[in-house]
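J.: Show me the folded form of this:
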Amino acid sequence: MVGMRGAYGGGGGANNDSKSGRPHHGGGMAGAATTTTEQEIAAMSVHKVAPPPARSTASKMKARVKETFFPDDPFRAFKGQPLGLQWLMAVRYLFPILDWMPSYSFSLFKSDLVAGLTIASLAIPQGISYAKLASLPPIIGLYSSFVPPMVYAVLGSSRDLAVGPVSIASLIMGSMLRQAVSPTAEPVLFLQLAFTSTLFAGLVQASLGILRLGFVIDFLSKATLVGFMAGAAIIVALQQLKALLGIVHFTTEMGIVPVMASVFHHTNEWSWQTILMGVCFLVFLLSARHVSIRWPKLFWVSACAPLASVIISTLLVYLFKAQNHGISIIGQLKCGLNRPSWDKLLFDTTYLGLTMKTGLITGIISLTEGIAVGRTFASIRGYQVDGNKEMMAIGLMNVVGSCTSCYVTTGAFSRSAVNHNAGCKTAMSNVIMALTVMVTLLFLMPLFVYTPNVVLGAIIIAAVIGLIDLPAVYHIWKMDKMDFLVCVCAFAGVIFISVQEGLAIAVGISIFRVLMQITRPKMMVQGNIKGTDIYRDLHHYKEAQRVSGFLILAIEAPINFANCNYLNERIKRWIEEESFEQDKHTELHFIILDLSAVPTIDTSGIAFLIDIKKSIEKRGLELVLVNPTGEVMEKIQRANEAQNYFRPDCLYLTTAEAVASLSALAKMTKP
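T.: Numbers count the residues shown, from 1 in each chain. Down below sits the predicted model:
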């Protein structure tokens, strides 16, 4: 339908300026022959710029929606199947446990049993520790390691993910809720707010999965997460100075400045007995972690170290009556399984905004961590994890958890790493872990009465140190300095302001960077690599040379309302610069705009092309477009329906054909 100048036999008077009728002069231009006929010119550009296949608006909208919300096409396996089988496949899709349970064997169970018992040894002390980090009763941490893993085992698609409380979400929830309610002065209200926030977190997570909005969490870039996690890890570790030093009156703020000020303003409360015990067990935990990193087959050393620390420290306190010498202990914990908490959900308008905000932030952060961990281990083992299905699974387990005395849970990296290294085969390892926690809740709770808080603090510090990924920071610095700036801003915001504000700053900078890429898209001047038909960036390829009489520009971004003005001004400036650079024997005649890397264009973009064409023609030059993609070509056609702005002789399939054809035509019109 739409072709080249040469494809239509020379294009009539297209070699004259459309405004003035003046012929273009192009003496000595590349690709011209001594005597060139119009048939030879046609042979130089025999390829046409084809319009995209005609499609209705409804079909295009359907394709766009499908690509946005269903990029993985989860229902492709349903096509052509009998109705009964489709129903069975739908049930298996919603409950992934049905995929592996029918073929589950005793050999798989043995592997999952070892993995489940191993992660339980880590989950029990971490559950108690993280609950205290969130200013919740320790028993809530164990409850959160019982019900959610059972739910995830039914709904989750990852074989390696080990579910439970995590340090970052615990810290955020505790710090946000403490701004409105004191956990010591109003413990019942604080607990109600925690359960309600967990409900909202689960609803947000499940909604993202059900509505196929997983791309929302992609706004948390790797650089953002690396900086955020490192900053949060330091804040979490500094918060444990209260337990490690035995301080009673400690700040509730999160920034490094108020935390360190509180540490040194209460030196009179420091307890040397607490410090000695804390340092000893911290060294023990870090040494165990180092052993597991150095010799991966000894992963169980790091996994069992927290529980061993709890047992040993509890025995020491009991034998030496250390609670009478300044070492604080957990105290009495009630036996029993999770108590229903749906009656404790609080929707009072006074706190509704706080719980919704807390649920949103903790939900997004925990969801991002869980999916990142799941995908990491899935890539190692070579299987796929459905991101939207994971969102639904994590969301629903938090909704159920909010009704069964649990707070926000997700897939924890440390526990998942242990689970993976222990040789887990299926999500049954989560069930084994949950059953082990159940036995602990039913029969072993009195054994934790003398567990010192300082050891729980040491366990948290040893766990969060793994969140500080210095090799990743160095890699980001080497790869992209702007990403490194985002990483540093996230880190600095977290440690100097607060966890929430630090995350907001990092996300804001990331979005600002994306906006800058949209509003200031990449453009380049191209030249010909001698002896070939290849055209590349002049600044990138030293062997690329300018083509006399041509200014060849390439745009590598969508053209839309946000960048039209910039593109217009940039092209005009290049034309002015090129006009000065060309000498009197090779004056500028043609502007070639390569649109190969322009995937989309809007109405403002079409208006920009029309305006720049008119502006170029007023200068006595000619604009041609090279290889407009499907959507761009379709909208150019629509613009031509109103007025023939872009004639067939303005469109070429490749830059080489455009240069050859235009050079030959210019040679023919030379007086």
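J.: all contacts plus neighbour counts: C-alpha atoms, from now on.
T.: Fine.
J.: doesn't Ser135 fall inside a helix?
T.: No. Judged by DSSP: H, G, I helix; E, B strand; the rest coil, Ser135 forms no part of a helix; its state is coil.
J.: how about low-confidence regions in the stretch 451-600 of the chain?
T.: Residues of the stretch 451-600 of the chain meeting the criterion pLDDT under 70: 579-586.
J.: where do the strands sit along it?
T.: 523-529, 535-537, 544-545, 550-555, 590-594 (DSSP state E, counting those that start in this stretch).
J.: Domain ranges for the protein, per the record?
T.: Using the TED database, the domain ranges for the chain come out as 105-512, 523-669.
J.: What is the end-to-end distance of the first one?
T.: Going back to what we said before, that points to domain 105-512. By CA to CA, to the nearest Å, the extent of domain 105-512 from end to end equals 52 Å.
J.: thinking again about what came up before, want to try TSV for the strands of the stretch 451-600 of the chain, with mean neighbour count and distance to Pro183 as columns?
T.: Listed next are those as TSV, based on neighbours: other CA atoms under 10 Å; distance: least, CA to CA, whole Å:
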stretch	mean neighbour count	distance to Pro183
strand 523-529	21	57
strand 535-537	21	62
strand 544-545	17	69
strand 550-555	22	57
strand 590-594	23	63
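J.: Pick the most deeply packed of the domains of the chain.
T.: With neighbours taken as mean count of other CA atoms under 10 Å, those reach their highest mean count in domain 105-512, at a mean of 21.
J.: just for the stretch 51-200 of the chain, where's the confidence low?
T.: 67-73.
J.: ok, which stretches of it are helices?
T.: 57-69, 83-94, 97-100, 106-133, 138-143, 147-155, 167-178, 187-210 (DSSP state H, counting those that start in this stretch).
J.: what angle separates the biggest helix by length in the chain from helix 187-210?
T.: Assignment by DSSP state H gives helix 349-381 as the longest helix of the chain. Note on geometry: by axes from the mean of the first three to the mean of the last three CA atoms, to 10 degrees, helix 349-381 and helix 187-210 are set 50 degrees apart in direction.
J.: Okay, now stretch 240-252: how far is its last residue from its first?
T.: End-to-end for stretch 240-252, by CA to CA: 12 Å.
J.: any residues touching it, and which ones?
T.: The contact list for stretch 240-252 (CA atoms under 8 Å, 6 or more residues apart in numbering) reads 175, 178, 258-259, 262-263, 266, 269-272, 274-275, 278-279, 326-328, 453-455, 457-458, 460-461.
J.: ok, back up a step: right, and the strands of the stretch 451-600 of the chain - which one's nearest Ile394?
T.: Smallest distance to Ile394 across the strands of the stretch 451-600 of the chain (CA to CA): 41.9 Å, for strand 550-555.
J.: At the geometric centre of the chain, which residue sits there?
T.: What sits nearest the mean C-alpha location of the chain, by CA atoms, centre = their mean, is Asp218, with 3.2 Å.
J.: doesn't it fall inside a helix?
T.: Yes. Under three-state DSSP, Asp218 sits within a helix.
J.: For it, give its distance to Tyr566.
T.: From Asp218 across to Tyr566, the span is 27 Å (CA to CA).
J.: Now do the contacts for Val400.
T.: Val147, Pro148.
J.: Phi first, then psi, for it.
T.: With angles defined as degrees, to the nearest 10, Val400 sits at phi -60, psi -40.
J.: And Ala180, by the same measure?
T.: Per-residue torsions, Ala180: phi -110, psi -30 (degrees, to the nearest 10).
J.: Over to the one 5 residues further on?
T.: The main-chain torsion angles of Ala185 are listed as degrees, to the nearest 10 and equal phi -80, psi -40.
J.: Quick check: closest non-adjacent residue to Asn565.
T.: Nearest non-adjacent residue to Asn565, counting by CA to CA, 6 or more residues apart in numbering: Phe608, 7.9 Å away.
J.: That neighbour sits in which helix or strand?
T.: Under the criterion of DSSP states H and E, Phe608 resides in helix 603-618.
J.: Determine the next helix or strand in the C-terminal direction from that helix.
T.: strand 622-626.
J.: average pLDDT across that following strand?
T.: Strand 622-626 carries an average pLDDT of 92.
J.: Just the residues contacting the helix or strand following that strand, thanks.
T.: Downstream of strand 622-626, the next assigned helix or strand under DSSP H and E is helix 630-642. Contact partners of helix 630-642, identified using CA under 8 Å, 6+ apart, comprise Pro51, Pro52, Val598, Pro599, Thr600, Ile601, Ile606, Tyr645, Phe646, Arg647.
J.: rewinding a little: the residue nearest to Asn565: what's it in contact with?
T.: Counting by CA under 8 Å, 6+ apart, Phe608 touches Cys564, Asn565, Asn568.
J.: now those residues in JSON lines, with distance to Phe228?
T.: Formatted as JSON lines, those follow (distance: CA to CA, whole Å):
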{"residue": "Cys564", "distance to Phe228": "35"}
{"residue": "Asn565", "distance to Phe228": "36"}
{"residue": "Asn568", "distance to Phe228": "39"}
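J.: Now, these that are in helices?
T.: Reading helices off these with DSSP H, I get Cys564, Asn565, Asn568.
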